[in-house]
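1. mind looking at a prediction? Sequence and model below.
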Amino acid sequence: MTTVVTPPGKNEDTMLDIAIIGAGPSGLATALRLHQKGFRPRIYESVVELKPLGVGIDVKVYGTQELDELGLLEEFRAISVDAKESIFYNNHGQEIYAERCGVHMGYLYEQRFVHRGHLQMLLHRTVLERLGQDAVVTGARCLGYVNEADGVTLDLQHPDGTSSQVRADVVIAADGIKSVVRQQMHPESSNPVYSGITMWRGTTLMDPFATGGTILHIGAPSISSMIVYPIAEDFEGTGKVLVNWVVEATRDESVEDWNQRGTVEEVLPYYDDCDLPFLDVRQMLRDAREVYLFPLIRHEPLESWVDGRVALAGDAAHAMYPRGGNGACQAIVDGRVIAEKLATHDDPGEALKAYEAERLEAVNRIVLAHRGEGYEVIRRMVEERTGGQRFDDVEQVLPLAEADAIFSKYHSLVGQPRPGFEAGEPTGFRTAYAPAR
Ligand SMILES: Cc1cc2nc3c(=O)[nH]c(=O)nc-3n(C[C@H](O)[C@H](O)[C@H](O)COP(=O)(O)OP(=O)(O)OC[C@H]3O[C@@H](n4cnc5c(N)ncnc54)[C@H](O)[C@@H]3O)c2cc1C
């Protein structure tokens with residue numbers, strides 16, 4: 001049975017009804033940005049109950065700035081960890097390079113590590129507080145849209161088997177990597193290609209290591225790579241930190257689903273010969289609380305994100321490998337730009353086109369950069385230059401200045417040029433941690 005739902009009522013200030021599909025970080029942040037501009041959007045989310053799913057997200061300095069502008073900095077700080085330093089190791093646990101992070105590097109904002117689910121819950125709670133309890137409709141799966149001259153009709157399906165329709169002046173589709181709206185807008189995007197690389201993503205409750213805000217990048221890329229960082233201090237009052245780790249390796253796997261389970265036994269052998277000064281990597285893996293699999297799927301960058309009065313945002317617009325910590329942050333930026341354009345253009349379709357014009361090319365460059373290794377390329381360079389063997393003097397293998405230039409180029413690409421680099425100041429450093437052996 002199909003019922004037609006009456007829209008929530010025109011916005012008093014703007015007279016524009018905005019429907020957002022998906023209550024992930026993208027949809028929720030977009031709702032908050034729209035609310036700041038006087039709109040009162042409504043979110044339609046497929047799951048019946050939002051749960052704090054996922055593992056870690058690395059929120060870059062520009063992401064923290066966005067959260068500050070949303071008035072959430074203190075609450076965000078309370079659920080996240082200040083990133084202090086980032087250290088790169090080969091698969092033998094030998095240090096290659098280190099840089100400081102966020103304010104410790106001279107940026108105005110902190111880089112912070114957070115549990116994806118905790119960030120989503122913070123945004124969700126804030127949406128309900130600011131926009132009202134009816135601002136998020138759960139159990140409403142969008143099946144598709146119909147564009148009309150002056151609005152859009154959405155087809156929704158509910159868990160009890162019923163369906164309904166919603167009319168809106170504008171639709172923002174923030175329905176994630178498997179976006180049905182993107183598939184309708186761009187049918188050719190429906191069959192993305194598996195890259196051959198799979199991620200094992202897990203968390204371990206353990207004692208803090210190094211500065212307590214240290215991110216580790218470990219491994220020989222031709223075999224396996226690992227990233228480790230803390231995402232919650234004194235987790236649930238245990239006095240321990242919750243540590244997020246991600247291992248990448250090749251594998252025959254292709255189901256793109258954030259909730260797919262994996263096992264740690266599959267990745268342990270890659271780290272048999274890896275000893276770090278302050279961390280027992282193998283123990284951390286063995287003590288995992290949960291392990292998820294996530295294959296890296298190659299979504300081609302889209303040529304457009306807008307169809308009439310419907311616009312894609314977040315992963316729906318620009319699914320990228322979850323490697324460089326930019327997926328969630330770019331999604332949050334989308335929300336700001338969408339709200340700015342809708343607030344300053346009389347014609348909603350033109351506003352969405354202006355959003356696309358400002359964002360699409362820049363974000364597509366990031367999507368493509370994430371397919372490559374980004375600054376992680378330094379570990380490959382070291383592997384190739386040493387034939388995968390231990391080295392005696394890292395400066396002979398990868399001089400600090402060479403690595404500095406690679407990092408600075410990448411930081412500029414994602415819109416956060418390194419303070420001091422242009423002035424010729426060194427930005428990387430060698431840590432004082434003693435080698436493990
Ligand atoms: C369960 C889950 C776990 C994740 N874990 C991690 C992680 O550990 N690390 C990481 O870097 N990134 C993770 N991500 C992805 C990360 O959240 C995004 O890359 C980024 O935050 C951008 O968010 P988004 O809102 O665009 O997409 P998402 O976070 O994927 O949110 C999309 C939302 O839309 C809803 N939705 C989907 N289809 C429909 C539909 N047809 N109708 C209505 N609603 C719909 C989904 O239920 C979801 O709530 C995860 C995503 C999910 C869904």
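-> Cool, the structure landed.
2. need the residues of the stretch 101-250 of the chain near the ligand, please.
-> Residues of the stretch 101-250 of the chain that fall close to the ligand, judged by CB under 6 Å from any ligand atom: 116, 141-142, 174-177, 180, 201. All C-beta spots, glycine's among them, are computed from the backbone N, C-alpha and C.
3. among those residues, which ones are in helices?
-> 116, 180 (DSSP state H).
4. with neighbour count as added columns, please give the residues of the stretch 101-250 of the chain next to the ligand in TSV.
-> Listed next are these as TSV, based on neighbours: other CB atoms under 10 Å:
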residue	neighbour count
116	22
141	17
142	23
174	31
175	28
176	21
177	20
180	20
201	25
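5. tell me which two of the residues of the stretch 101-250 of the chain next to the ligand sit farthest apart.
-> 142 and 201 (26.8 Å; CB to CB).
6. next up, the contacts around the closest residue to the ligand within the chain.
-> Residue nearest to the ligand within the chain (CB to the nearest ligand atom): residue 24, separated by 2.0 Å. Taking CB atoms under 8 Å, 6 or more residues apart in numbering, we find residue 24 in contact with 120, 174, 176, 314-315, 331.
7. tell me the secondary structure for the nearest residue to residue 166 once chain neighbours are set aside?
-> With CB to CB, 6 or more residues apart in numbering as the criterion, residue 166 has its nearest non-adjacent residue at 4.6 Å, and that residue is residue 154. Counting by DSSP: H, G, I helix; E, B strand; the rest coil, the backbone at residue 154 sits in strand.
8. which ones are touching residue 154?
-> 19, 21, 44, 142, 144-145, 165-168, 171.
9. pLDDT at it, what is it?
-> On pLDDT, residue 154 comes in at 98.
10. what subset of the contacts of residue 154 is buried?
-> 19, 21, 44, 142, 145, 166-168, 171 (16 or more other CB atoms under 10 Å).
11. pLDDT for the residues you listed - can I get that in TSV?
-> What follows is the buried ones among the contacts of residue 154, written out as TSV (pLDDT from 0 to 100):
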residue	pLDDT
19	98
21	98
44	98
142	98
145	98
166	97
167	97
168	97
171	98
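12. can I get those residues in CSV with secondary structure?
-> As requested, these are exported to CSV (three-state DSSP):
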residue, secondary structure
19, strand
21, strand
44, strand
142, strand
145, strand
166, strand
167, strand
168, strand
171, strand
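13. from these, which is closest to residue 57?
-> Nearest to residue 57 among those, with distances taken as CB to CB, is residue 21, at 21.0 Å.
14. close enough to count as contact, that closest one and residue 181?
-> Yes - with contacts counted by CB atoms under 8 Å, residue 21 reaches residue 181, the gap being 6.3 Å.
15. need the overlap of contacts for those two.
-> Common contacts of residue 21 and residue 181, defined by CB under 8 Å, 6+ apart, comprise 142, 171, 173, 175.
16. just give me the neighbour total for the third one.
-> Residue 173 is flanked by 29 other residues according to other CB atoms under 10 Å.
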